[in-house]
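>>> kindly return the folded structure for what I paste below:
(one chain, ligands or ions: 1)
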Amino acid sequence: MRERTRPGDNGLVPRAIKPPAIKPAAPKPAKPRKTRTMPAAEVRTFLDALARANPAPKSELDFVNPFTLLVAVVLSAQATDASVNRATPTLFAEAPTPAAMAALGAEGIGRHVRSIGLWQGKARNVAELSRLLVEQYGGEVPRDREALEALPGVGRKTANVVLNVAFGESTMAVDTHIFRLGNRTGLAPGKTPRAVEDALVRRVPADMLRNAHHWLILHGRYVCKARLPECWRCVAAPWCRYPAKTPPPAEKPPKRGAQLT
Ligand code: SF4
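Model (predicted):
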């Protein structure tokens with residue numbers, strides 16, 4: 001007697017195999033586009049736009065001579081210029097020269113600057129660098145990078161600020177704002193502050209280099225901010241290569257009951 005078969009029971013008629021359910025692939029997030037380097041021919045135009053908005057840029061630290069500038073810059077490490085400016089008037093009134101500052105000592109300096117972050121170490125550095133200025137440089141601030149960088153609390157960035165602001169040299173001090181701007185805008189991409197500094201010195205036209213330090217710091221502080229650059233009101237936007245420019249903020253709807261004119 002012939003066995004009754006059902007499809008798939010005897011291998012003659014294979015059962016239909018249900019294919020495993022395939023989940024539709026989740027859409028991949030768009031890769032953030034990388035900032036491209038700004039073409040050399042546009043670097044001047046970009047800086048010109050910043051220059052028109054601020055033709056005579058200045059340091060926002062208060063100082064009256066190279067010594068008070070040096071002290072203010074040392075105190076400003078990882079602190080705001082405003083916090084330094086609140087502390088220095090009484091400090092400079094009591095100790096306007098390196099000799100007076102050295103005599104005041106770390107403890108006396110500390111009485112004036114304790115509202116500034118990391119004040120204890122900074123007070124010690126200011127006392128010691130003042131003593132060295134008296135002993136080694138006749139109470140003057142040396143116009144020399146190596147000599148400046150040998151002073152306590154003075155690194156390459158501080159030396160660059162002093163050489164630029166006090167002595168008019170075309171140096172480029174790369175702080176957090178300039179490091180961000182150099183990379184974000186494509187002006188001077190680099191992985192380290194020194195790489196950004198070297199790229200800026202190479203790419204910025206020589207006649208703009210001294211002021212470029214201020215234009216870039218101030219632009220980073222007030223417009224091209226770290227968390228959210230205010231691209232919608234940026235005068236240099238047409239030449240900036242940042243691919244994710246911030247659109248203008250949405251206008252708030254009028255409050256209910258407010259009269260429309
Ligand atoms: S357009 Fe935006 S990212 Fe570019 S420099 Fe201006 S604020 Fe910065």
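
>>> F179 and A195 touch, don't they?
No. Counting by Cβ atoms under 8 Å, A195 is not a contact partner of F179; they are 9.4 Å apart. C-beta here means a position set from N, CA and C on the backbone, and glycine is covered the same way.

>>> which of the two has more neighbours?
The residue with more neighbours, out of F179 and A195, is F179; 20 against 16, by other Cβ atoms under 10 Å.

>>> show me what from the stretch 51-200 of the chain comes close to the ligand.
The stretch 51-200 of the chain has residues R184, T185 near the ligand, with proximity defined as Cβ under 6 Å from any ligand atom.

>>> can you pull out the helices in the stretch 51-200 of the chain?
Secondary structure of the stretch 51-200 of the chain (DSSP state H, counting those that start in this stretch): helices at 66-75, 81-94, 98-113, 119-137, 145-149, 156-165, 176-185, 193-203.

>>> dump the fourth one to PDB, restricted to CA.
In this case it means helix 119-137. Below are the C-alpha coordinates for helix 119-137, written out as PDB (Å, rounded to 0.1, in the frame of the first residue of the first chain):
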ATOM      1  CA  TRP A 119      45.500  81.700  43.800                       C
ATOM      2  CA  GLN A 120      48.000  80.000  46.100                       C
ATOM      3  CA  GLY A 121      50.300  78.700  43.400                       C
ATOM      4  CA  LYS A 122      49.900  81.900  41.400                       C
ATOM      5  CA  ALA A 123      50.800  84.100  44.400                       C
ATOM      6  CA  ARG A 124      54.000  82.000  45.000                       C
ATOM      7  CA  ASN A 125      54.900  82.300  41.300                       C
ATOM      8  CA  VAL A 126      54.300  86.100  41.200                       C
ATOM      9  CA  ALA A 127      56.500  86.600  44.300                       C
ATOM     10  CA  GLU A 128      59.300  84.400  42.900                       C
ATOM     11  CA  LEU A 129      59.200  85.900  39.400                       C
ATOM     12  CA  SER A 130      59.400  89.400  40.900                       C
ATOM     13  CA  ARG A 131      62.400  88.400  42.900                       C
ATOM     14  CA  LEU A 132      64.100  87.000  39.800                       C
ATOM     15  CA  LEU A 133      63.300  90.100  37.800                       C
ATOM     16  CA  VAL A 134      65.000  92.200  40.500                       C
ATOM     17  CA  GLU A 135      68.000  89.900  40.800                       C
ATOM     18  CA  GLN A 136      68.600  89.000  37.100                       C
ATOM     19  CA  TYR A 137      67.100  91.800  35.000                       C
END
